[in-house]
Each structure stands twice: as structure tokens, then as C-alpha cells.
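In: Got a sequence here, can you build the structure:
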Amino acid sequence: MKKLFLLSLLVCNPLPATNYNSYLPLKIGNRWIYDCFGADYTGFSHDRVTITITDTTNFGGKKYYSYSKIVVHIWGNQVFNPGMFLFGGYAPIRIDSVNGNISFLKPGSGCAYSINDVMTDSLNVNVADTVRIRCASNNYFYLCTSTSGQRYFNLDYFGQQRSRQYLDGVGLNYSLYLIHISTTPTYSQNLVGRIINGIAYGDTNTLVTVSPIGNSIPISYNLFQNYPNPFNPTTKIKFDIPSNSFVSISIYNILGQQVSTLLNQQLEPGTYETDFDASSYPSGTYFYKLQAGDFVETKKMVLMK
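Out: Residues are numbered from 1 along each chain as shown. This is a model prediction of the structure:
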């Protein structure tokens, strides 16, 4: 019988208990955006996956965080369930404040050593420590390696590689699932942007759909007032583009901090409309800014929940 070894890349220095959450900041409204790629012998797929912490739940005296996943297919002739290895599927997640273990809620089917929980990673490990994968036997484990390199275990012709990386103040930065069987997809997920505590970092464009309106070509750039306004939780933003332009629409809070990028792409001349979904944002005054070529305009909108 062939032996199978799995590898995971983790943060490899034990952390003080107060620092565990900084490596996976679980808080309602926090958001991570990933570029995801999948491929096998049948084809390939490129998708963008947005994960947003949406709610909390208590079970067995423990606090778990629920989250949503939005998948936008970019290109490719297949869809390989992108993001299936991000945050462990769809089960609520928690970080143990004592031992740093990252676990998912599985009522009645948890690990023997953690009832109702399935541990997937641990932030309290040293280099070369191993973490048992999802209650499996000792042949299936994660190996913590230094962040300067990666170790890959493969015996004979059959092997897998499964890696993840957590960064301080960021969260899950990278995930890989690689198997040397042509009929099984290979997945990789790379963080491209995030919104942590209301502040945007990197590319937070979730590839919101932008739709052309009519066939006429505007004679000038124009940003219209959003409607409805005030709104809860979605509103529409309309704008005119008179010539081929690289267009971006960014959202800012009352403090001037960028909280989202709705659009960041090349557009042909026309009138367009896009939606802003503020489900994960608190009530308040926000600003949306259109940039296209040398044109810049900002307008105010109000979210009332």
C-alpha cells in the first residue's frame, strides 16, 4: 500500500496567545479576496473568490465565525469549485485562544481530541512540528516549515502537496493543493487584497459586474449620484465614459480610508452602471470616487441600516 504524506506551510514560531488572532483576524466585516486557479487534464479555470466574515455563533460554549463566499468566474473552460480549500469549506471557524488551533464546527463528527471540532491548522507550532489533518491517521499530517523554503514529501509515484501560509496582520495568504494524478484538479489560491477593520489593502476589486446602458456615446466624463440614497444595503452607481479609458471606482469611509474597490478595468466609451453591496459595512457616510484618465470626481452617499 502506498503511503501518502501531506505538507502545510504555517507560521512556524510559537506565538503569545494574544497574537493568535492577528494571523487570522476573525471579525465581522473583515474580507479577503483571492485569485484562484484550477487545472486538470480536462481544462482550467481562473476565478476570484471573496470571503467575508458575516456573523458569529456559539456552540458548546465556543464562539465560531460564519462567512460568505462569492465566486466570480474570470476565464477557463471548467469551474473546479474554486476556493474549496480556503477556510475549510463553508463550516464556521474559530481560533482557540489557549492553544492557537484553527478549527471548524462539525457537530457530532469532530475529532476524538476535540468534540464537535475539526482542527485544520495550529498557530502554536515550531519548525518541524506536525499537525494531524482532520482527525486522520498519523500518515496524514501537516509539517510546519520555515517561511524561507518549502519541504515536499513524496513516496514512489503517488503523492500530494498541500500548503498554506498565514501572515501577521493579514490572515491566510496562500493555499495550494497539488496531487500527481491527471484526473484530479490542482488548485492554488493567492491573496490579492483584503479589508481588515474597515481598511482596504491591495486589490479589493471583487469583480463586481458593470453593465453598459444604451448605445449612445457620452461627450464627457460624468459621475452620477448613486440611487437609492440613502440605501440599505445595496445601491447603484452610474457613470459616463466618452473614450477608451482605464476606470476605477473606489469607496471610502468618513475618515477617508479606502474600504473597497468596485471597479478597476479598461472600458470602452459608453454609459455604465454598477452595484455597491454594503452588507458587511456599518451605517454611516461613505464616498465613492471615479478615476478615468485625468478625470476624477467624488460623491457622497449614506448607508442607513
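
In: pLDDT below threshold where in this structure?
Out: Regions of the chain meeting the criterion pLDDT under 70 cover residues 1-18, 70, 73, 77-90, 110-113, 125-162, 178-185, 205-209.

In: check which helix or strand covers the residue of the chain most remote from its centre.
Out: For the chain, the largest distance from the centre (CA atoms, centre = their mean) belongs to residue 219, which lies 38.5 Å off. Under the criterion DSSP states H and E, no helix or strand holds residue 219.

In: show me the contacts for it.
Out: residue 242 (CB atoms under 8 Å, 6 or more residues apart in numbering). C-beta coordinates here come from the backbone N, C-alpha and C atoms, glycine included.

In: The one 5 residues further on now?
Out: Taking CB under 8 Å, 6+ apart, we find residue 224 in contact with 237-239.

In: If you count neighbours, what's buried in the longest strand anywhere in the chain?
Out: Identified as the longest strand of the chain according to DSSP state E is strand 43-59. Residues 45, 47-53 are the ones in strand 43-59 that count as buried (16 or more other CB atoms under 10 Å).

In: And it, what does it pack against?
Out: Packed against strand 43-59 by the contact rule (3 or more CB pairs under 8 Å, 6 or more residues apart in numbering; DSSP states H and E) you find strand 31-40, strand 62-76.

In: And for stretch 53-61, what's in contact with it?
Out: 26-31, 63-68, 92, 105, 107, 115-116, 279-280.

In: now with 7 Å?
Out: 26-30, 63-68, 92, 105, 107, 116, 280 (CB atoms under 7 Å, 6 or more residues apart in numbering).

In: Could you do stretch 269-278 as well?
Out: 208-214, 217-218, 233-244, 249, 251, 262-263, 303.

In: all helices of the stretch 151-300 of the chain, in order?
Out: Taking DSSP state H, counting those that start in this stretch as the criterion, the stretch 151-300 of the chain carries no helices.

In: Of the contacts of residue 224, keep whichever come out buried.
Out: 237-239.

In: okay, now residue 194: neighbour count?
Out: Using other CB atoms under 10 Å, residue 194 is surrounded by 23 other residues.

In: Now do the contacts for it.
Out: Here residue 194 is in contact with 31-33, 170-171, 201-202 (CB under 7 Å, 6+ apart).

In: Of these, select the buried ones using a PyMOL command.
Out: To isolate the buried members of these in PyMOL, using 16+ other CB under 10 Å:
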select buried, resi 31+32+33+170+171
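
In: Among the contacts of residue 194, which one sits closest to residue 268?
Out: residue 33 (25.3 Å; CB to CB).

In: So what pairs up with the closest one in the strands?
Out: Using DSSP bridges, the bridge partners assigned to residue 33 are residue 50, residue 193.
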